[in-house]
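1. Kindly return the folded structure for what I paste below:
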Amino acid sequence: MYLGRIIAFGSTREERPCCAYAVSGRSRSSKARKAVVYDKKITIEPLGQVSEEQRYQASLIFYDCIISREDPPLVVIGNGRQVNPIFNISSSEDFPTTMSRVLKEFGPEPDRYSTPRIAGALKKYSINGDWVSYVGMITSDNIDVKFIGIQRNKLIYLATYTGEGAEPRAPQLTDIKKILKKIELEGDTAKDLADSFFDWVDPDFVVCTASAVWMGDLWELAVKNR
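-> Have a look, this model is predicted:
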């Protein structure tokens, strides 16, 4: 079951806001990648020497997939370079509009499949302390960004493809809430979440996973590589 790249977000059993990211791939160059943790972010990088094919696709396959900050708490997740500008303009109160604008500027990826760009955000408002989440997708046919409620011990995911391994297809996008699916991941730490997500992805295609969990005063980040 080939889902491409996947974002998941929600909260753990202990009601800790969290998100997770997975990269799956079919080709050798797509699998020759890894997730790397830095101070406040996780980046998808080459595994060893960059191949000629990877160099040609570098702007699409190497990027920051998770970026976080503590004050006020925010994490942005996605499958490409749209993550950085979404994070940089996150102070806007009208988050759906700003996320839509960035996704429109980038458009779907310029590959043979018109791979959708996907993004999500978990944000805590300093005024009332409420956590909110947003998820967005742009395909070759449509774009949608929605507010999604966070529930205890529940995560939902969004994938770039529908699961066909032989010929990947993007989802039919009308209302993004209709293509979100529930996922059960184990644990309350970032490492547990990354490990559980890695085990969930089809072992024939999984490349790496990354996760962020809000621990009360900071984001804990973790990865697992193939």
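
2. where in this structure is pLDDT low?
-> Along the chain, segments meeting pLDDT under 70 span 90-93, 126-128.

3. all helices for it, in order.
-> 28-31, 52-56, 58-61, 83-88, 95-106, 190-200 (DSSP state H).

4. Quick one: those as a markdown table, columns for distance to Leu74 and mean neighbour count too.
-> C-beta here means a position set from N, CA and C on the backbone, and glycine is covered the same way. Formatted as a markdown table, the helices of the chain follow (distance: least, CB to CB, whole Å; neighbours: other CB atoms under 10 Å):
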| stretch | distance to Leu74 | mean neighbour count |
| --- | --- | --- |
| helix 28-31 | 29 | 16 |
| helix 52-56 | 30 | 13 |
| helix 58-61 | 25 | 16 |
| helix 83-88 | 7 | 19 |
| helix 95-106 | 10 | 18 |
| helix 190-200 | 16 | 21 |
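
5. Tyr113: which of those is closest?
-> helix 58-61 (11.3 Å; CB to CB).

6. picking that back up, for the helices of the chain, which one sits closest to Val76?
-> Nearest of the helices of the chain to Val76, taken as CB to CB: helix 83-88 at 4.3 Å.

7. Convert the C-alpha atoms of that closest one to CSV, please.
-> Listed next in CSV are the C-alpha coordinates belonging to helix 83-88 (Å, rounded to 0.1, in the frame of the first residue of the first chain):
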residue,chain,number,x,y,z
VAL,A,83,6.6,24.3,5.4
ASN,A,84,9.1,27.2,5.9
PRO,A,85,6.9,30.1,4.6
ILE,A,86,3.8,28.7,6.4
PHE,A,87,5.8,28.7,9.7
ASN,A,88,7.3,32.2,9.0
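
8. Provide the contact partners of it at residue level.
-> With CB atoms under 8 Å, 6 or more residues apart in numbering as the test, helix 83-88 has contacts from 63-67, 69, 74, 76-78, 98-99, 102, 105, 119, 121.

9. Pretty sure Thr160 sits against Arg5.
-> Yes - here Thr160 reaches Arg5: they are 5.0 Å apart, a contact under CB atoms under 8 Å.

10. Compare these two (neighbour count), which wins?
-> Applying other CB atoms under 10 Å to Thr160 and Arg5 shows that Thr160 carries more neighbours, namely 26 against 23.

11. so what's in contact with Thr160 and Arg5 at the same time?
-> Common neighbours of Thr160 and Arg5 (CB under 8 Å, 6+ apart) are 79, 118.

12. What segments of the chain are strands?
-> 5-11, 17-24, 33-37, 41-46, 63-69, 74-78, 117-124, 131-138, 143-148, 154-159, 181-183, 206-214, 219-225 (DSSP state E).

13. Output the ones you listed as JSON lines; include the columns distance to Asn88.
-> Below are these laid out as JSON lines (distance: least, CB to CB, whole Å):
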{"stretch": "strand 5-11", "distance to Asn88": "19"}
{"stretch": "strand 17-24", "distance to Asn88": "18"}
{"stretch": "strand 33-37", "distance to Asn88": "20"}
{"stretch": "strand 41-46", "distance to Asn88": "12"}
{"stretch": "strand 63-69", "distance to Asn88": "9"}
{"stretch": "strand 74-78", "distance to Asn88": "9"}
{"stretch": "strand 117-124", "distance to Asn88": "12"}
{"stretch": "strand 131-138", "distance to Asn88": "15"}
{"stretch": "strand 143-148", "distance to Asn88": "17"}
{"stretch": "strand 154-159", "distance to Asn88": "22"}
{"stretch": "strand 181-183", "distance to Asn88": "28"}
{"stretch": "strand 206-214", "distance to Asn88": "18"}
{"stretch": "strand 219-225", "distance to Asn88": "17"}
